[in-house]
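Engineer: My questions concern the predicted model and sequence given below.
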Amino acid sequence: MNKIEAYTTVHQQILAILEGETNLTAKMATVSCLLAQAFPERFFWTGFYVVDPEKPSELVVGPYQGTLGCLRIAFGRGVCGTAAETRQTQIVEDVHAIKNHIACDSRTNSEIVVPVFDADQRLIAVLDVDSEQVAAFDNDDRQALEALVLSVFSDG
């Protein structure tokens, strides 16, 4: 199965499992788990950083699969903080080549971070996927992950 077919399959599985589910934590935990299982050779860390309601310019670690994640990330800091601040997906081929990368785990070499919006287009989290491979993510990953978070979290 190629990457696009794998994304299609896991997307369908996630939607079937989450049908009728409204709890945000349950949704994030399910997405993290199934994505990590679908791409074990590429996805080293898969999970969410959630906008902290008490500190709306800060992300706090949410459900994830992988090694220990950073607990908090300020908007504008690192790849996750940049995605939150700009509200745009970030793809970084080599995290060691950017100045403001946050090294939660030094084995990470590339990263994709997708902003997550609710039905009212409020930023609620970012989906962060790290890989030990350099240049592990491309436009196919962007399109698939953006479509997934849109359908799961924005009711789109």
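Structural biologist: Cool, the structure landed.
Engineer: Tell me which stretches of this structure form strands.
Structural biologist: 45-52, 55-65, 72-74, 90-92, 110-117, 123-131 (DSSP state E).
Engineer: which one of those lies closest to A26?
Structural biologist: strand 55-65 (8.6 Å; Cβ to Cβ). Every residue, glycine included, has its C-beta placed from N, CA and C.
Engineer: circling back: and among the strands of the chain, the most buried is which?
Structural biologist: Most buried of the strands of the chain, by mean neighbour count (mean count of other Cβ atoms under 10 Å): strand 123-131, with a mean of 25.
Engineer: For that one, give the mean pLDDT please.
Structural biologist: If you average the pLDDT over strand 123-131, you get 96.
Engineer: Quick one: distance of that strand to the chain centre.
Structural biologist: Offset of strand 123-131 from its chain centre (Cα atoms, centre = their mean, to the nearest Å): 3 Å.
Engineer: Tell me the strands beside that strand, with direction?
Structural biologist: Partners of strand 123-131 in the sheet, by DSSP bridges, are strand 45-52 (antiparallel), strand 110-117 (antiparallel).
Engineer: what angle separates the last one from strand 55-65?
Structural biologist: Strand 110-117 and strand 55-65 meet at an angle of 120 degrees, taking axes from the mean of the first three to the mean of the last three Cα atoms, to 10 degrees as the criterion.
Engineer: Alpha carbons only: can I get strand 110-117 in CSV?
Structural biologist: Extracted in CSV, the C-alpha atoms of strand 110-117 (Å, rounded to 0.1, in the frame of the first residue of the first chain):
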residue,chain,number,x,y,z
SER,A,110,12.0,16.3,10.2
GLU,A,111,8.6,17.5,11.2
ILE,A,112,5.1,18.5,10.0
VAL,A,113,2.7,20.5,12.1
VAL,A,114,-0.9,21.1,11.1
PRO,A,115,-3.1,23.7,12.8
VAL,A,116,-6.4,22.4,14.1
PHE,A,117,-9.5,24.5,14.0
